[in-house]
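1. Based on what follows, work out the 3D shape:
(2 chains)
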Amino acid sequence: MDQKPSVASARPGAPVRIHSGMGSLVKLLRMREVLLFAVTVALSLAISRMTPYFLTAGNLKAMLIGMVPTAIIAVGMAIVLVGGGLDLSVGSVMALSGTVAGLLMLKGASIWLALMLTLISGALIGLANGLVITRIRVNPLIATLGMMTIARGIAFVATEGFSVSGLPEGFAYWGQGSVLQVPPMVFVMAALVIAGDLALRKTKVMREVYYVGGNERAALLSGIPVNRVKVTTYMISAVLAAVAGIMLASRLMSGTPTAGIGLELNVIAAAVLGGASLVGGEGSVLGAFLGTVFMTILGNSMILLAVSIYWQGVASGLVLITVVGIDMFVRTRRGEA
Amino acid sequence: MPSVLLEAREISKSFPGTRALDRVHFEVLPGEVHAVVGENGAGKTTLMMILAGVLQPDEGAVLWDGAVVPLTDSRTAQGLGIGTVFQELSLVPGLSIGENIFLTRSPARTALGLVEWRRVYAEAQVALAQLGIGVDPMLPVSSLGMGARQMVEIAKALSMRCRVLLLDEPTSALSPVEVDRLFTAIRALRDQGLGIVFITHRIAEVFQIADRVTILRDGHTVAMHEISGVTPDQVVHAMVGRTLGKATRPPPSSSTPMLEVAGLSRPPVLEDVSFSLNAGEILGVAGLPDSGREEIGRALFGIEPALRGTVRVNGHSLQIRSPQDALRAGIGYLPPDRRTLGLFLRMPVKDNIVVTALNQITRSGIVDDGHATIIAARYVDRLQIHSPSVSQVVGRLSGGNQQKVALSKWLLRRPRVLIVDGPTIGVDVGARVAIHQLLYQLAADGMSILLLSTDLPELLGLSNYIIVMNGGRVAGTLSGDEASERRVMTLAAGQPAQLDPADV
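-> Modelled structure (predicted):
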C-alpha cells in the first residue's frame, strides 16, 4: 500500500514537512503549562519580597498538604474536561467518601477493607454519572449537579450532620505520618499527578478521550466507543474524588459531611487555568496541577499579607478571567479560534 | 442592443487557502437568460454570492445600470432589484406561501402597525400568477413539492420588483416535469424583460434555456459565447479545460459478491432494499433528498441500524447495530458533512488520519506518536494534501484538503467495503478529480465502494451500476452503460421506468 497510485493532481504536491518549522522553543512557549509556570514563579518571587514568611519550610509544607485533595481531584477533572464533560459532584463525593470510610471503620471494618469499599462506592457513583449522561442523555452539568446534592445528602443522612471521629490510629498514617518530612498523602498526590499526566498524554485509552472531546460524532463514526470512553472518565473522576476524601479524612482523623463545599468550581477553574477547555478536546493533567498550585499560592499569599479572606474569591476570579482571556486573544490573533 | 443591466468587472475573491475568483467578468442584459457553467468549485456560487451582496469582492466592481454600486449586503442588492434563489431554499415550511413571500418585509401595515394580511395574500397571488401557477397563497409551504417551493422562492424575488433574477442550480432537486415547468416560467419572465442568471453544471439545460453562456474554470472566466455560436462539446471542453484523465468506472474485476444486502428496512425511510456489490466494483446510489439514499449508508454503518433485513460481507452474515460492528465487519464510512461528522477540526492532520488505526500505533497501551507522524506524512504525500505539516490543525485546510484527510483515515484502515456519501461536496476541481481517481484506484485494488451521491456526472462517471432510490425503495437499477442523467432523474422522481424489467 506504499506504492504511489496514479493520482494526478492539478498542482504538484508540496513537500511534506513532518515537524512544523516553528522550532521547538516557540512551540514550548505556546503551551499554557509554560505560561502558567512562569506566572506562578513570578508571583512567588513577588510575594517572597513582600513577606519573609512565604519562603519558609513551614509555610511551603502547609501549602503542599493543603492542596493535596484539590490536586488529586484536578487530575480527574482534567480528564473529564478533555472528554468534553464536566463533573460538579467531586466536592460532594469527596465528603461522602470521607464519611463512608470513617463509618465503615467505626463499624469494625479493617482499614484496608474500608478503603477498598470506599473506592468502590466512588467508582459506582462515577458509573451512575456516566450512565445517566450517556444512556439517558442528561446534560453532564445537570447530571453531576444532581449527583452533587445526592452525594452530599447521603453524607448528611449517614452522619446526621456530625463529623465521624474516633477513627483507628493506623488510619492517620496517610495524613499525619512522615516520609521525608511530609505526610505520605503528598506522595500519593505526586504519584497520581505524574501517572495521570503520562496516561493522558500517552495511552490509547486516553487518546480516545481527546477524540471524544474533539468531536463526539466524528469519534463515533471513526469507531471509537464513545459511551464507554465517557463513562470511564466519570469513573476516574469519582474514584479520584474518593481518594481525596480518604486523604482528607486521614489528615483530619474525621469524616466531615461538610467538606469540600464549592470545591468543584475551584477545581474546574484550576484545570481551565491549566489549559483545559469547556468544549473539550484540550487540556492536560500537568496544566490542571499547575493551576491548582497557582491558586494555592495566591490564596496563601493573601493570608500572609493579611488581606481579608473575603477578597480571595475576587482575586482568583480575576486571575482566571485574565489568563483565559489572554490565551483566547492570542489564539484569535493566530486565527485558531 | 439593450444596455447591460448588471455587470461584474474584474472581480477577485479569495478564501483562506483558495482563490475562488480571479478577475472574473460577467454581465447580464435585460430580456436574456445568461447561463453560468463550471465544475464544482469553479467559482459559480461565489460569483452569485457577490452579485447577491452576500459576499464582497476583494477586488473589482459590480455595476448596476452602468454605475458602480457597493453591494455591502443582500438588502442593498434586493433594493436595487437583484433577486436571488439560493440552492438551499430559504423557505420556512410551517408558514404559508404568502407569509414566506413577504417574510423579510411586509407590504403594508395598518394604522396600528399591524400587517395587512389581505394585501399580503393579494400581492402573493399576483407574483404567483406571473409565474403561471395558480396555487392558493394561504397553503403552508410544507404542503408543496420541491418544484413548487422553487416557484415560491422565485415569486418571493419577483415580489421585490427585481429586474435581475439569480438562480443557483435551480434544477438540481427537480423532476423532469418540474424542470419543464420551471423553464416555461423562466422564458415568460425573460420575455417580460428580466435579466436571468442561470447557474448550473448541466450542459443540456444550458442549450434548452440560455441565450448566452459564461464558462468558469478554477475561478477564471474562460469564455463567453452566444448559445447559437457554440456546441455542447465546446462548452464541456472549455469547462474542463484539460484532458482530465477523466475518471472512468473500473472494469468489473470479479464476480465475488463482497456486500450482499437483502430486505434492508427501517420504515419509513428504508423499505426492503436489496442489492449486491462485488469486490472491486463501485455501486452508485442516486436519489433526491429523503429518498433513502443517505439512509442506506447510515443503516449499513450502524448509525441508524436497520430493523429488518440481512447483510453479508464477504459471505459472512452480520448484525450491524453500531459503527463499531460495521468496522469490525470491514465496512468504512465517509460521512457527507466532513466538518461536523468527518473531522476533528481543532486537532492536527496527524490525529485525524490515525484515528481509525490507533491499534496499529499502540504498543502495550502506549501510543507511539513518532509512528503516527510517519504514517500521517505518508498519506499527506500520497494524496498530495496541501498542509504545511502534519501538525497543522485540520480546520485551517481548504475543503478539498480536508476531504482528503477524511478519506485518508479510511485508506489507512483498508475496509473491504467503503461507503462514501457525497465525497466531493464543496471541494475544488483539482481535489474532485483526485478524489475520483483515488476511488477508482481503490476499486481497482479490490475494495468495494458504495458511492452515495446527488452529483450525477460523478455517479455516471464512476459507477459500474447505479441504484436509484425513491421513497425509501429501490426504484430501479441501471448498469453504467445504460445510465444517463435523464434516466436516473426519471427514476429518482418516482416516474415509471421505461426499462426492461430484466435488468432491475
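
2. Now the phi/psi pair for B:Ser265, please.
-> Reported as degrees, to the nearest 10, the phi and psi values for B:Ser265 are phi -140, psi 140.

3. That one and chain A: what is the separation?
-> From B:Ser265 across to chain A, the span is 22 Å (CB to the nearest CB, to the nearest Å). Heads up, the C-betas are built off the backbone N, CA and C, glycines and all.

4. burial of B:His316, as a residue count?
-> 9 (other CB atoms under 10 Å in any protein chain shown).

5. Oops, could you answer that again for A:Leu96 instead?
-> By other CB under 10 Å, neighbour count at A:Leu96 equals 32.

6. Per-residue confidence, it, what does it come out as?
-> We have a pLDDT of 97 for A:Leu96.

7. so what's it up against?
-> A:Leu96 sits next to A:121, A:125, A:151-152, A:154-155, A:245, A:257 when contact means CB atoms under 8 Å, 6 or more residues apart in numbering or on different chains.

8. Sort out for me which of those are in helices.
-> Counting by DSSP state H, the part of the contacts of A:Leu96 found in helices is A:121, A:125, A:151-152, A:154-155, A:245.

9. do you know how far B:Ile50 is from chain A?
-> Noted for B:Ile50: a distance of 23 Å to chain A, by CB to the nearest CB.

10. Point me to the helix or strand that includes that residue.
-> Using DSSP states H and E, B:Ile50 sits in helix B:44-51.

11. just checking, next helix/strand downstream of that helix?
-> strand B:59-64.

12. Return the list of strands paired to that following strand, each annotated with direction.
-> strand B:6-15 (antiparallel), strand B:67-69 (antiparallel) (DSSP bridges).

13. now the shortest one: mean pLDDT?
-> Strand B:67-69 shows a mean pLDDT of 90.

14. Beyond that strand, next helix or strand please.
-> Strand B:67-69 is succeeded, C-terminally, by helix B:74-80 (DSSP H and E).

15. Is B:Thr171 in contact with B:Arg181, as I believe?
-> No - contact criterion CB atoms under 8 Å: B:Thr171 and B:Arg181 do not qualify, at 10.8 Å.

16. just to revisit the earlier point, pLDDT, distance to chain B and neighbour count for the contacts of A:Leu96 - can I get that in JSON lines?
-> Converted to JSON lines, those look like this (pLDDT from 0 to 100; distance: CB to the nearest CB, whole Å; neighbours: other CB atoms under 10 Å in any protein chain shown):
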{"residue": "A:Ser121", "pLDDT": "97", "distance to chain B": "27", "neighbour count": "21"}
{"residue": "A:Ile125", "pLDDT": "98", "distance to chain B": "26", "neighbour count": "28"}
{"residue": "A:Ala151", "pLDDT": "97", "distance to chain B": "31", "neighbour count": "28"}
{"residue": "A:Arg152", "pLDDT": "97", "distance to chain B": "35", "neighbour count": "21"}
{"residue": "A:Ile154", "pLDDT": "97", "distance to chain B": "35", "neighbour count": "18"}
{"residue": "A:Ala155", "pLDDT": "96", "distance to chain B": "36", "neighbour count": "27"}
{"residue": "A:Gly245", "pLDDT": "97", "distance to chain B": "28", "neighbour count": "34"}
{"residue": "A:Pro257", "pLDDT": "95", "distance to chain B": "38", "neighbour count": "25"}
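
17. Quickly name whichever of those is closest to B:Leu189.
-> Closest to B:Leu189 out of these is A:Ile125 (67.6 Å), distances taken as CB to CB.

18. contacting residues for A:Leu113?
-> A:Leu104.

19. and if you look at A:Ala101?
-> Neighbouring residues of A:Ala101 by CB under 8 Å, 6+ apart: A:114-115, A:118, A:245-246, A:249, A:255.

20. Flag the shaky bits of the stretch 151-300 of chain A, pLDDT-wise.
-> By pLDDT under 70, the stretch 151-300 of chain A has no low-scoring segment.

21. How about the residues of it by chain B?
-> Residues of the stretch 151-300 of chain A lying close to chain B by CB under 8 Å from any CB of the partner chain are A:202-205, A:207-208, A:210-211, A:214-215, A:217-225, A:281-282.

22. Of those, which qualify as buried by neighbour count?
-> Buried subset of these (neighbour count, 16 or more other CB atoms under 10 Å in any protein chain shown): A:203, A:205, A:207-208, A:210-211, A:214-215, A:218-225, A:281-282.

23. For B:Ile366, which phi and psi angles does the backbone take?
-> phi -110, psi 130.

24. Pick the most buried one from the strands paired with strand B:59-64.
-> Highest mean neighbour count among the strands paired with strand B:59-64 (mean count of other CB atoms under 10 Å in any protein chain shown): strand B:6-15, with a mean of 19.

25. the inter-axis angle of it versus helix B:44-51?
-> On the basis of axes from the mean of the first three to the mean of the last three CA atoms, to 10 degrees, strand B:6-15 is oriented at 120 degrees to helix B:44-51.

26. Name the residues of the helix or strand following strand B:6-15 that are buried.
-> Using DSSP H and E, the helix or strand that follows strand B:6-15 towards the C-terminus is strand B:18-28. Buried positions in strand B:18-28, judged by neighbour count with 16+ other CB under 10 Å: B:18, B:20-22, B:24, B:26-28.

27. Of the residues you listed, which ones also sit close to chain A?
-> Okay, of those, nothing touches chain A (CB under 8 Å from any CB).

28. pLDDT for these - can I get that in a markdown table?
-> Shown next, in a markdown table, are those (pLDDT from 0 to 100):
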| residue | pLDDT |
| --- | --- |
| B:Thr18 | 69 |
| B:Ala20 | 84 |
| B:Leu21 | 90 |
| B:Asp22 | 90 |
| B:Val24 | 93 |
| B:Phe26 | 94 |
| B:Glu27 | 93 |
| B:Val28 | 94 |
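
29. For burial, what's the neighbour tally of the closest residue to A:Val188 other than its chain neighbours?
-> Excluding the flanking residues, the one nearest A:Val188 by CB to CB, 6 or more residues apart in numbering or on different chains is A:Met247, at 6.4 Å. Counted with other CB under 10 Å, the neighbours of A:Met247 add up to 25.

30. helices or strands up against the helix or strand in which A:Met247 is found?
-> Assigned by DSSP H and E, A:Met247 belongs to helix A:226-252. Using 3 or more CB pairs under 8 Å, 6 or more residues apart in numbering or on different chains; DSSP states H and E as the contact test, the elements touching helix A:226-252 are helix A:57-82, helix A:90-106, helix A:111-134, helix A:173-176, helix A:184-202, helix A:204-214, helix A:216-221.

31. tilt between that helix and helix A:57-82?
-> On the basis of the same axes, to 10 degrees, helix A:226-252 is oriented at 160 degrees to helix A:57-82.

32. Name the residues of helix A:226-252 that are buried.
-> For helix A:226-252, using 16+ other CB under 10 Å, the buried residues are A:226-227, A:229-252.

33. per-residue pLDDT, B:Glu205?
-> B:Glu205 carries a pLDDT value of 86.

34. wait, doesn't it sit right on B:Pro170?
-> No - B:Glu205 lies out of contact with B:Pro170 (CB under 8 Å); the separation is 9.4 Å.

35. between these two, which one's more packed in?
-> B:Pro170 (27 against 20).

36. Provide a list of residues in contact with the more buried one.
-> So B:Pro170 contacts B:85, B:150, B:182, B:198, B:200 (CB under 8 Å, 6+ apart).

37. likewise A:Leu298?
-> A:Leu298 touches A:43, A:312, A:315-316, A:319, counting by CB under 8 Å, 6+ apart.

38. about what we covered before: would you mind giving the strands paired with strand B:59-64 as a markdown table with distance to B:Leu397 added?
-> Shown next, in a markdown table, are the strands paired with strand B:59-64 (distance: least, CB to CB, whole Å):
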| stretch | distance to B:Leu397 |
| --- | --- |
| strand B:6-15 | 12 |
| strand B:67-69 | 35 |
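
39. Could you look over the helices and strands packed on helix A:226-252 and pick the most buried one?
-> Mean neighbours per residue, mean count of other CB under 10 Å, is largest over those for helix A:90-106, with a mean of 28.
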